[in-house]
Structure formats: structure tokens, C-alpha cells
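Undergrad: Sequence and predicted structure are below.
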Amino acid sequence: MKRAYILLPIIALIFLSCKTEVKPVEKAVGAPMEQDQASLIAEADLQAEEAKKALENQLKKAAQQSEATIIMESNTEADIQVNEKPKPQKETKVEVSKPVNSSSIESSIPAKDVKSSSTNTELSKTKMKEFIEKNKDVLKKEMDKQTKEAPAKTEVQETKENIQNNVAKDTKPEKEIISNKPDHGLFNGILQSNVVKGRVDYASIKKSEDQLNAYLKQLEDSRFDQSWSRSEKLVYWINAYNAYTIKLILNNYGVGSIMDIDGGKPWDTKWIKLQGKTYSLNNIENDIIRPKYKEPRIHFAVNCAAKSCPPIANQAFTSANLEGLLEKQTIAFINNTAYNQITPSKAIVSKIFDWYGEDFGDLKTFLNKYSKVQITAKSNVDFNEYDWSLNGR
């Protein structure tokens, strides 16, 4: 395409110079023949010079043309070779951006009366050939220059586009982290509808088990990230323990005691998938909740589905009610005579205080913190037998 820009005006000028019809000049009366010949040569030189200037202007204009096509036939005797390798003569197809016609080229040549004879025509053709031959190297250099500049411009454009793309990529906002926290309201609805004074209506929950399954699915899909607070994580584990305990009873619906499941060791079976791992009920309580949160009141929050277990609350734990509900559950259990019998001189309390004694520190101090009846330093502390019967109703 670049080469067409250079060759087009040259071919057009040669074509015009060959086809130009000239009017024979009337010989001045009394003018000698030698003077006429000298005038003709001078006029031819002037015409060649003007054609040269016109050609240079057309070279500049041709470089600015783009995206159009014209087909021209060249029958001139001039053989311009600017390509590295000669090619067979054929119909020359030159593509440029806009058509260039002969009138546009002719307009660039000053309008003057051309006084020439057939000799003058031959001289003009000769001068034109000489001009083209002398400037052949210049034309080739110009063409090579434009050919080299073309890919350079492309590289610059590509570099610019890459920079723009990188800037757009760098300024693109980071993807928002979705915590996907579970809706404890689902579990809360189940508990409020099916738990009365710590007794669970397993038959009713079984009829609408899909509601419990939907909540468990949310627990499974949740993942801890930096947006989770300590209380939110503790709430997650407490509710998970209670919800999966209920699910265990439903999976073995009709059992009279949780001890009848998995050979009396249902808490050791790993079947609960949370946070990308598989846990047992014991893993949740003894490997996560107790050592990580060091909160003794959780023993009155988690429920093992037995009658002697601290009654399960009829509402789910949330980060908003965590502190108040833990306190309420602890006070209610310690002061419930069905589980603990406390007098100033003697205390018979739940086996839980024996099994997890290390969590409570000095037991008498802990009991006195929540008991309505204070135990003296000399009081004896014994433990009740545990009733593993199902806490159903």
C-alpha cells in the first residue's frame, strides 16, 4: 500500500506527458532557427522543473491517502524499478485511500501557454525520464522509510493498548469477599416450635425435617473468614452441636436413648462436615469449643439429648444474645433441683461438674457465683447419677 502512494503520481505524470496534445507554435517573423531551438529547450527545462515541484507536492499528498482502490494501466516506455526483485509486466493494481484523478495532478502544474513542436514533446519526455532516473534512489529511500515506520507505529499502538489494559486491570475493584454466614433464624424457628422446658418434640421435627436439613446445609456451606467475630464463631459451634444432635436422633428415630446409637459411643463417630472437615460431636465440644473458647458456661448451652443433660434452650444462640443466654442457662440449671440439690452444708450436683471439673476451677466458688444457696467452705460435694433416657416429650 505504501509503495502505491509513491508510484501513483509518477505514473500519472508520465502518462499525461505522453498524451498531452500540444499546439504548434507559430514561428516569429524574422526569428532565426537557432534562436527558436534555444527557446524550445529553455521552455522544456522550465516545464521539467515545474513538473518536478508538482511531483514533490504529490508525493506528500499521496502519503496521506488511505483505504480506496483504483486500477490504472501504464503503457509508457519508462521502466521504473524500485522493488528489490523485478516482476513480470502485468496489469498494475494500486490501492490507495482515495481515488486520484488526472485533473488533480494537472491542477498542480501552473497554467501556461505551451509553445512546443514535436521536437519539444520529445525533449519534455526526455527531461521527465532524466528526472525520474536521477531521483530513483530518493524515491526508493522514501518508500523504505515509510515501510519501516509502519510496523513501528503498530508497536507503539500495541504498547499503548497494553498500558491502557494494564491500568484498567489494576484499577478494577477487588472481588468482594462473601462470608456466607448461616441464618440461625431457621434453627430458632425449629426450637421455638418444638421445645418446651427442655423437652424436644422429635416426632414433630421429623415431619418437617427438611427445615432442619436446610439449616444444616447452611452450616456446611459456611466458611470462617476475617469478618467473623469470636462470638459469631462460638455461636456457630454451639448451634451446630445442638442441631446435629437432634439430626442424630432423627436418623435413628424411635431410639429410647442416645446411648443406643453406635454401640453407646455416638459422640465419637465422625459424620459432621463443617468448615471443610469431618467432625464428631466430641470433636466439636472437646477439640474446639472447650479448648479454644475456655467458656465453662457452654456446658449449659450444648445438649446431649439426655434427661440429665442441661435442658436445651427453646431458641438459637446468636452473637447478640450469646452472653445473656449463657448466663440465663447457667443460673437456671444450677438452681433447678431436678439436677442439683444445694444446701449450706452439702451439695449434690450434676455429674457434668465431675466430668469437666477442670473447666470450672474451684467448684464451690463457681457454684456460689450462680446458686441462690451459698455453700460453705466445709460443705461436702457429691454427684448425681446420670439419666441417659431421651429428652423427648
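TA: Cool, the structure landed. Treat the numbers as computed from the prediction; the structure is a model and nothing was measured. Residues are numbered from 1 along each chain as shown.
Undergrad: Now do the helices in the stretch 251-393 of the chain.
TA: For the stretch 251-393 of the chain, applying DSSP state H, counting those that start in this stretch gives helices covering 281-282, 290-293, 322-334, 352-355, 357-360, 363-370.
Undergrad: can you list the weak-confidence ranges in the stretch 51-200 of the chain?
TA: Within the stretch 51-200 of the chain, the segments meeting pLDDT under 70 span 51-52, 54-56, 58-129, 131-132, 136, 138-139, 142-143, 145-179.
Undergrad: Go again with 50.
TA: Where the stretch 51-200 of the chain drops to pLDDT under 50, the residues are 66-117, 151-153, 167-177.
Undergrad: what's the neighbour count on E130?
TA: 11 (other CB atoms under 10 Å). For the C-beta atoms, the positions are set from N, CA and C on the backbone; glycine is no exception.
Undergrad: Check S280 too.
TA: For S280, using other CB under 10 Å, the count is 19.
Undergrad: ok, it touching D262?
TA: No - contact criterion CB atoms under 8 Å: S280 and D262 do not qualify, at 9.8 Å.
Undergrad: Please enumerate the shared neighbours of these two.
TA: Both S280 and D262 are in contact with D268, T269, where contact means CB atoms under 8 Å, 6 or more residues apart in numbering.
Undergrad: still on that earlier bit, can I get the helices of the stretch 251-393 of the chain in a markdown table including mean pLDDT and mean neighbour count?
TA: Below are the helices of the stretch 251-393 of the chain laid out as a markdown table (pLDDT from 0 to 100; neighbours: other CB atoms under 10 Å):
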| stretch | mean pLDDT | mean neighbour count |
| --- | --- | --- |
| helix 281-282 | 98 | 18 |
| helix 290-293 | 98 | 14 |
| helix 322-334 | 98 | 18 |
| helix 352-355 | 98 | 17 |
| helix 357-360 | 98 | 14 |
| helix 363-370 | 97 | 16 |
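Undergrad: Distance to P266 added to the ones you listed, as TSV?
TA: As requested, those are exported to TSV (distance: least, CB to CB, whole Å):
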stretch	distance to P266
helix 281-282	7
helix 290-293	18
helix 322-334	22
helix 352-355	16
helix 357-360	22
helix 363-370	28
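Undergrad: do you know which of those helices lies nearest D225?
TA: Across the helices of the stretch 251-393 of the chain, D225 has its closest neighbour in helix 290-293 (16.9 Å, CB to CB).
Undergrad: what helices or strands is that closest one leaning on?
TA: If you count contacts as 3 or more CB pairs under 8 Å, 6 or more residues apart in numbering; DSSP states H and E, helix 290-293 packs onto no helix or strand.
Undergrad: which residues in the stretch 201-350 of the chain form strands?
TA: With DSSP state E, counting those that start in this stretch, the ranges of strands along the stretch 201-350 of the chain come out as 272-274, 277-279, 341-342, 346-349.
Undergrad: Provide the strand pairings for the second one, with the direction of each partner.
TA: Using DSSP bridges, the strands paired with strand 277-279 are strand 272-274 (antiparallel).
Undergrad: average pLDDT across the strand it pairs with?
TA: The average pLDDT within strand 272-274 is 98.
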